[in-house]
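Visitor: my questions concern the predicted model and sequence given below.
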Amino acid sequence: MSFVPMSAALGTSAADPVKRRSALPRYVTPLIGLIIPVTAAIVWEFAVRWGWSDGRLVPPPSVIYATFAELAATGELQRHALATVARVAAGFGVGVAAGTVLGALTGYSVTLFRLLDPTFQALRAIPSIAWVPLFILWLGIFEASKITLIAVGVFFPVYLGVMGAVMSVDRKVVEVGRAFRLSGFQMVRRILLPAVLPAYVIALRSGLGLGWMFVVAAEFMGASEGLGFLLVDGQQLGKPAQIVAAIVAFAVIGKLTDWLIVGLAAPFLRWEDRFGRGAER
Amino acid sequence: MLQLEGVGKTYPNNVHALAGVSFTVAPGEIVAIVGGSGCGKSTMLRAISGLDTASRGRVMLDGVAVTAPHERIGIVFQEPRLLPWLTVAGNIGFGLEHLPKAERDTRVAKALERVGLAEKAGVWPRELSGGQAQRVAIARALVPRPEVLLLDEPFSALDAFTRADLQEHLLDLWADSRPTLILVTHDVEEAVVLADRIFVMQPRPGRLFEEIVTGLPRPRDRQSSRFDNAKKQVLAALDRSMARPLRDDENKAPEGAALWW
Ligand SMILES: Nc1ncnc2c1ncn2[C@@H]1O[C@H](COP(=O)(O)OP(=O)(O)OP(=O)(O)O)[C@@H](O)[C@H]1O
Ligand SMILES: [Mg+2]
């Protein structure tokens, strides 16, 4: 066996590792993340086709796709997805508004922090699902109790994120604002807001994640439409393909909404100087 | 004209950082303040800037007391403190928000040109070297055309070459509009290169110990023997300011203190 230099074996020039990395076209890099799920799907598909498994409890991709297409063709999928998205949007909106305002206030004022934060921390310690029976008693089993539950789930990460971000704004940067005689409002707009924006985006993303989590819980507690309803329905009628189709819909819509936040914030965060830059692009 | 009248500062933790500092600086004058670490130089500069208020005495600019940041007083900190979310041009124009955009842009462009960073206008602060960032900070403080510019060890984080470079550069900028410069520094050579007058401070509580007028002609030749002598004079005063043990009742006589030696 002859000695083959590494670079020759790889078919690239290893002399310049930086260059080699960017040699991958821009649109190929994100596809790397698809290798594992796609491979798993293909393997499972053929495992069922060749009879290694009957695929009854775990339907193969083709069956899931067929179910998906059928639900979409009848408009069912859109109707359920829309119902769920509307609930998440409403709950997210309420939770973000409350979390932002209260987080900013407690982060800004020591007095308000001492007054309010202990209560919020105590409430946070309660698993939010534990509120469900109470919300149903108070608000009925329809939309109000569902949206409240989602809003509660979204509130805490947003509240914590905003409070922490406002508290940790660099005093030195605030001093620059003072040296230029910014008024209270200008200080918020020109110094505090941009300074907390990166942390705020992260808070929104974790809030949104919890929103998606809680919408399922909310729809489990009795709903006549929504992706969560499709899950319960699939379980009761023994239709695993419908369950997986709903799960896939959750994954796709969840990811899309997350991308939406990231994409909307990106133009305002180009200045960021941080370790993780580039990994996400 | 900038006047300090018996300015004193006691921090809430009862540290007596500054006591009875009085001096007057004429418009366009360059004053350097040197002294051991912790002798109250930054405290004094912050009191002049209005970022902190003096506990006793007052700071007057043309007969008006300075109690809060003042539009005719600019400050450059030890670190550049650029706002990371603004480009270089955005940072320089930060104090010009009240002007129409066209005028702001021309003033920023001129300032960028002046500090030699014209091609960096659209760049984020993270992409600048330390010396470039400090130049941007100086430009940011200068574009509102302050009458007094305070600098707290502005070049101390830079290497010797960059520092000498920026000292000359600061003098060039100063020559444009001749603001009053009050410069805190640890670097005796920096003080002698830049200043008309050098105040040596003494610690616990911080006060003026000696005033040295170098009388060197500009531009100053760092190699000349007169320059060397001035440096030695400042160093000697610094040595005395730190070595001398103190009794409390001497605190009140900052000006005369030097006569004891
Ligand atoms: N915010 C503060 N609160 C309490 N004490 C302070 C504060 N800032 C400074 N001091 C104290 O006041 C004294 C003077 O501090 P100051 O920062 O003015 O010194 P300095 O001459 O600038 O020192 P250096 O050359 O090291 O920067 C020090 O004893 C310091 O510990
Ligand atoms: Mg200092």
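Guide: That came through, no problem. Ligands and ions are numbered 1, 2, ... in the order given.

Visitor: pLDDT wise, what is A:Gly226 at?
Guide: Looking at A:Gly226, its pLDDT is 90.

Visitor: OK, contacts around it?
Guide: The contact partners of A:Gly226, by C-beta atoms under 8 Å, 6 or more residues apart in numbering or on different chains, come to A:80, A:83-84, A:87, A:215, A:219. Yep, even glycine has a C-beta here, placed from its N, CA and C like the rest.

Visitor: measure it to A:Ala249 for me?
Guide: Separation of A:Gly226 from A:Ala249 (C-beta to C-beta, to the nearest Å) stands at 11 Å.

Visitor: is B:Gly36 in contact with B:Val200, as I believe?
Guide: No: taking contacts as C-beta atoms under 8 Å, B:Gly36 lies outside contact range of B:Val200: 9.6 Å.

Visitor: any common contacting residues for those two?
Guide: Here B:Gly36 and B:Val200 have B:238, B:241 as joint contacts, going by C-beta under 8 Å, 6+ apart.

Visitor: quick one on the thing from earlier: what do A:Gly226 and A:Ala249 both touch?
Guide: Joint contacts of A:Gly226 and A:Ala249 (C-beta under 8 Å, 6+ apart) are A:His80.

Visitor: where does B:Ala164 fall, helix, sheet strand or coil?
Guide: Put simply, B:Ala164 is helix when judged by DSSP: H, G, I helix; E, B strand; the rest coil.

Visitor: mind listing what it touches?
Guide: B:Ala164 touches B:Arg222, counting by C-beta under 8 Å, 6+ apart.

Visitor: returning to that earlier point: who wins for neighbours among the contacts of A:Gly226?
Guide: A:Val215 (30 neighbours; other C-beta atoms under 10 Å in any protein chain shown).

Visitor: report the separation between the closest residue to B:Leu181 other than its chain neighbours and chain A.
Guide: Closest residue in space to B:Leu181, ignoring its immediate chain neighbours: B:Ile30 at 4.4 Å, by C-beta to C-beta, 6 or more residues apart in numbering or on different chains. Applying C-beta to the nearest C-beta, to the nearest Å, the value for B:Ile30 to chain A is 21 Å.

Visitor: separation between A:Gly95 and A:Arg189?
Guide: Per C-beta to C-beta, A:Gly95 is found 24 Å from A:Arg189.

Visitor: ok, the residue of the stretch 1-150 of chain A found nearest ligand 1 to A:Leu123 distance?
Guide: Closest residue of the stretch 1-150 of chain A to ligand 1, C-beta to the nearest ligand atom: A:Val110 (17.1 Å). In this view, A:Val110 and A:Leu123 are 21 Å apart by C-beta to C-beta.

Visitor: and those two? Which one has more around it.
Guide: Using other C-beta under 10 Å as the criterion, A:Val110 and A:Leu123 rank with A:Leu123 on top: 13 against 10.

Visitor: for that one, what is the enclosing helix or strand?
Guide: Here A:Leu123, judged by DSSP states H and E, is contained in helix A:110-124.

Visitor: spit out the contact partners of A:Gln186.
Guide: A:177, B:97.

Visitor: any idea which helix or strand carries it?
Guide: For A:Gln186, the host element (DSSP H and E) is helix A:184-187.

Visitor: so how far is that helix from its chain's centroid?
Guide: Its chain's average C-alpha position is 32 Å from that of helix A:184-187, according to C-alpha atoms, centre = their mean, to the nearest Å.

Visitor: stretch A:31-49 too?
Guide: Per C-alpha atoms, centre = their mean, the centroid offset for stretch A:31-49 relative to its chain is 24 Å.

Visitor: same question, stretch A:250-262
Guide: 6 Å.

Visitor: now what about it, what contacts it?
Guide: A:81, A:84-85, A:88, A:201, A:204-205, A:208-209, A:212, A:216, A:227, A:280.

Visitor: give the buried subset of these as a PyMOL selection command.
Guide: Restricted to buried positions by 16 or more other C-beta atoms under 10 Å in any protein chain shown, the PyMOL selection for the contacts of stretch A:250-262 reads:
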select buried, chain A and resi 81+84+85+88+201+204+205+208+209+212+216+227
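
Visitor: and which of the contacts of A:Gly226 is nearest B:Glu79?
Guide: Nearest to B:Glu79 among those: A:Val215, at 46.3 Å, using C-beta to C-beta.

Visitor: now the closest one: which helix or strand?
Guide: helix A:193-220.

Visitor: picking that back up, show me what the helix holding A:Leu123 is packed up against.
Guide: helix A:76-108, helix A:143-167 (3 or more C-beta pairs under 8 Å, 6 or more residues apart in numbering or on different chains; DSSP states H and E).

Visitor: just name the most buried of those.
Guide: Stretch with highest mean neighbour count among the helices and strands packed on helix A:110-124: helix A:143-167 (a mean of 23; mean count of other C-beta atoms under 10 Å in any protein chain shown).

Visitor: does chain B have contacts with that helix?
Guide: No: counting by C-beta under 8 Å from any C-beta of the partner chain, chain B has no neighbours in helix A:143-167; the shortest distance is 13.6 Å.

Visitor: return the distance of that helix from the chain's centre.
Guide: 14 Å.

Visitor: after it, which helix or strand is next?
Guide: Next element after helix A:143-167 (DSSP H and E): helix A:171-179.

Visitor: which of the helices or strands spans the residue of chain B most remote from its centre?
Guide: Most distant from the centre of chain B: B:Ala102, at 30.9 Å, with distances by C-alpha atoms, centre = their mean. In the assignment (DSSP H and E), B:Ala102 maps to helix B:101-114.

Visitor: one more: B:Leu18?
Guide: strand B:16-25.

Visitor: who are the packing partners of that strand?
Guide: So strand B:16-25, by 3+ C-beta pairs under 8 Å, 6+ apart, packs with strand B:2-10, helix B:41-49, strand B:56-61, strand B:207-213.

Visitor: next, the angle from the helix or strand following it to strand B:2-10.
Guide: As assigned by DSSP H and E, the chain's next helix or strand after strand B:16-25 is strand B:30-35. Strand B:30-35 runs at 20 degrees relative to strand B:2-10, counting by axes from the mean of the first three to the mean of the last three C-alpha atoms, to 10 degrees.

Visitor: now strand B:30-35: how far from the chain's centre is it?
Guide: Here strand B:30-35 is found 7 Å from its chain centre; the criterion is C-alpha atoms, centre = their mean.

Visitor: what's the answer for stretch A:120-134, then?
Guide: Offset of stretch A:120-134 from its chain centre (C-alpha atoms, centre = their mean): 21 Å.

Visitor: now swap in stretch A:183-192 and tell me
Guide: Remark: stretch A:183-192 is offset 30 Å from the chain centroid, using C-alpha atoms, centre = their mean.

Visitor: now the stretch 1-150 of chain A against chain B: closest residue?
Guide: A:Val110 (15.0 Å; C-beta to the nearest C-beta).
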